[in-house]
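[1] Got a predicted structure here, sequence first:
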Amino acid sequence: MTQQFCCPGCLSQKTELDREVHGYRIYLCGNCELAFTFPRPTLQEVADFYHGLNLTDGLYGGQKPFKQAFFALCNKEITKRVTSGKLLDFGCGDGGFLRQCDPQHFQLYGADLHPGVGALCRQQPIEFFTGANVETSLPDAFFDVIFSAATYEHFLDPIEVTKQLVRALKPGGILMLVSIPNYHSLNIKLAIEDWLINRPPAHINFFTLGSLQRLLQQEGLKVLQCWTYGFNLEPVRRRLQRVAADTPVKELVEHGGNTRLAGGDPQKPGPHHRLLARLYYKFPFFELGDKLAVIVRKPSS
Ligand SMILES: [Zn+2]
């Protein structure tokens, strides 16, 4: 089947080749500023990649003390606006974010295309939606909050996923997206980025503050807050360790964190983890941070 060559963020055909990384071509949309790889991987290739990942507690680093402290800050951002109701983590992975949420005030839900996620959160009162195209199985106008970390860079069809999330939100509900790689980051501008994880079949969309807001506004969402944060030292570390360009993305994702948990309860974040997370998340990176964050609201009527 031939794929239609158009921007996955706005369907414009006004695109031009922006760069080539490890044999993958990245095009830039002249209309909405989204960069994207083409040809796109197939749905099957994407599913095979995620289902092939060895799902352990260490996989997404979600239980590391720093990540816990980071997710706690995200949760605080949400509770400034919504203090109770139904909360979904879309692309919940190992449940790292949901563990930072208060089950006394929120009914917690997780969604992920990996069918194994439910097994990771047995002790918690969390309900799961899993499988390919999991967004289509979410109920209508059901959630007060949808949170999603590090997902939009992966979607074959970010417009369709956004439509489904808007459908699943209650009127007036909040959508918070974080940890989406910023195509205008300092790492990319200074050519520090090594494009080892930032490539297909993992990353296929490269958003900026502009292209992300535009996509969300296109679906009727009102932007409440939008910023960039963080500086990613991983490409520097990989360059120093001379990680080869042909290293499979699977290997980098599974072992890239370099820290494996020894089992048992994850270590709780200490004051230094919390301070580091605050600096990482709150420092003004002047739109050059490594990651994008946005909070939007679905209109009440
Ligand atoms: Zn576009």
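    In hand now; what should we look at? Numbering: from 1, shown residues only.
[2] Residue 115 and residue 132: what is the separation?
    9 Å (C-beta to C-beta, to the nearest Å). For the C-beta atoms, the positions are set from N, CA and C on the backbone; glycine is no exception.
[3] can you pull the pLDDT of residue 26?
    We have a pLDDT of 96 for residue 26.
[4] Helix, strand or coil: sort out whichever residue of the stretch 201-301 of the chain sits closest to the ion for me.
    Taking C-beta to the ion, the ion has its nearest neighbour within the stretch 201-301 of the chain at residue 211, 6.7 Å off. What DSSP: H, G, I helix; E, B strand; the rest coil gives for residue 211 is helix.
[5] Pretty sure it sits against residue 28.
    No: using C-beta atoms under 8 Å, residue 211 is not in contact with residue 28, being 9.7 Å away.
[6] Overlap in contacts, these two.
    The contact sets of residue 211 and residue 28 overlap at 34-35 (C-beta atoms under 8 Å, 6 or more residues apart in numbering).
[7] Of the two, which one has the most company?
    Using other C-beta atoms under 10 Å, the more surrounded residue of residue 211 and residue 28 is residue 211, with 27 against 19.
[8] so who does residue 177 touch?
    Residue 177 neighbours (C-beta under 8 Å, 6+ apart): 148-149, 151-152, 212, 292-294.
[9] Ok, residue 211 next?
    9, 29, 32-35, 183.
[10] If any of the residues you listed are buried, put those into a PyMOL selection.
    If you want just the buried ones from those in PyMOL, going by 16 or more other C-beta atoms under 10 Å, the selection is:
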select buried, resi 9+29+32+33+34+35+183
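[11] pLDDT and distance to the ion for the contacts of residue 211 - can I get that in JSON lines?
    Below are the contacts of residue 211 laid out as JSON lines (pLDDT from 0 to 100; distance: C-beta to the ion, whole Å):
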{"residue": "9", "pLDDT": "97", "distance to the ion": "4"}
{"residue": "29", "pLDDT": "98", "distance to the ion": "3"}
{"residue": "32", "pLDDT": "97", "distance to the ion": "3"}
{"residue": "33", "pLDDT": "96", "distance to the ion": "7"}
{"residue": "34", "pLDDT": "98", "distance to the ion": "5"}
{"residue": "35", "pLDDT": "98", "distance to the ion": "9"}
{"residue": "183", "pLDDT": "97", "distance to the ion": "12"}
